[in-house]
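**Student:** A predicted structure for the sequence below; I have some questions about it.
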Amino acid sequence: MPELQIADRTFRSRLIIGTGGFRNLDMVARAVAASGAEMATVAMRRVDPEARGSLLTVLEDEGCFVLPNTAGCFTARDAVTTARLAREALGTAWVKLEVIGDDRTLLPDAAELLEAAEQLVSDGFTVLPYTTDDPVLARRLQDVGCAAVMPLGSPIGSGQGILNPYNLRLIVEEASVPVILDAGIGTASDAALALEAGCDAVLLASAISRAADPEAMAAAMRKAVEAGFEARAAGRISRRDYGRASSPTEGVPELT
Amino acid sequence: MPTVTLNGSEQALPDGAVVADAVVASGAPTDGRGVAVAVDGEVVPRAQWATRELGAGGQVEVLHAVQGG
């Protein structure tokens, strides 16, 4: 599998793991190891004096590049400030930009997202925006200088998979930056489908962290992403309306 | 003694308190690793923590990285 290049970094793994939803840090460590992921997201929240252990140390030990997100932000202004806080705290100018527009569906707010992306790019950030599956918005995000586009398959944590494969295909066709399917993955076949559809990588959290056995699901996702990528590269057969025998139609004996 | 809002709770700090004092009061690791501070919605760079004084009524947020998607 060729390496995935995003901005100036390369990754051997095409699976990016979100650290949200795991029961504890030990489970994070085991799932990250089983997934083979080399990049993991974190959120920025108020310091909790009671907190035990260090997430950053766990991710460092697993050799993971830390990607802070702006989860919880509903305006461009809050998202930009959160990205700047993350840069200050973690010493990275990479950000998973997330600007939510609706509490119930957690769908992105397109207008605020684009505005925040533009500001952060001009402030020197490497911006990876979590976006809707709208090909036009994906193009606009790319045009303002985002390093990747990360369309959703379906709402965050919903596990509904890829609801609009057609839109995803359009985004992939047009993109000159990596396309990372972010959100909605429920199980391994969803992840494989994303890569088969031409996505460069998959970002997921809940599908692993909330699985009955997160470590086993992480291993399954690793294989699914590899299988999807390899199947895409191998070139699938075209769909046919009717059957087509694979055994020879000549030389069939008369037996009655 | 200035009273600020520190991570959502009222916190009395000594006169002349600076951002670094609020970081300690928040319970963050004293080396400040992985920590960032916003005062009244603006990021305060680490280089200014030791000198930037906090005024009464200030809104101080001390953040760090947690598990998140």
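**Tutor:** Great, that's in hand. Numbers count the residues shown, from 1 in each chain, chains lettered A, B, ... in the order given.
**Student:** buried set for the longest strand belonging to chain B?
**Tutor:** Secondary structure of chain B per DSSP state E: the longest strand is strand B:59-67. Using 16 or more other C-beta atoms under 10 Å in any protein chain shown as the test for burial, strand B:59-67 gives B:Val60, B:Glu61, B:Val62, B:Leu63, B:His64, B:Ala65, B:Val66, B:Gln67. C-betas here are computed from N, CA, C, even on glycine.
**Student:** just put those in CSV and tack on distance to A:Leu204 and pLDDT.
**Tutor:** Output for these, formatted as CSV (distance: C-beta to C-beta, whole Å; pLDDT from 0 to 100):
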residue, distance to A:Leu204, pLDDT
B:Val60, 35, 95
B:Glu61, 29, 96
B:Val62, 30, 96
B:Leu63, 25, 95
B:His64, 24, 93
B:Ala65, 19, 93
B:Val66, 18, 93
B:Gln67, 14, 94
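**Student:** where does the stretch 151-256 of chain A come near chain B, residue by residue?
**Tutor:** Where the stretch 151-256 of chain A comes near chain B, counting by C-beta under 8 Å from any C-beta of the partner chain, the residues are A:Ile156, A:Gly157, A:Ala183, A:Ala205, A:Ser206.
**Student:** list the contacts of the third one.
**Tutor:** What it means is A:Ala183. A:Tyr130, A:Leu152, A:Gly153, A:Ser154, A:Pro155, A:Ile156, A:Gly157, A:Ser158, A:Leu203, A:Leu204, B:Gly69 (C-beta atoms under 8 Å, 6 or more residues apart in numbering or on different chains).
**Student:** from chain A, how far off is the last one?
**Tutor:** From B:Gly69 across to chain A, the span is 4 Å (C-beta to the nearest C-beta, to the nearest Å).
**Student:** show me where the chain has its helices.
**Tutor:** Just so you know, I chose chain A. A:25-35, A:55-61, A:76-90, A:110-122, A:135-143, A:165-174, A:188-196, A:206-209, A:214-234 (DSSP state H).
**Student:** actually, chain B is the one I wanted.
**Tutor:** B:19-25.
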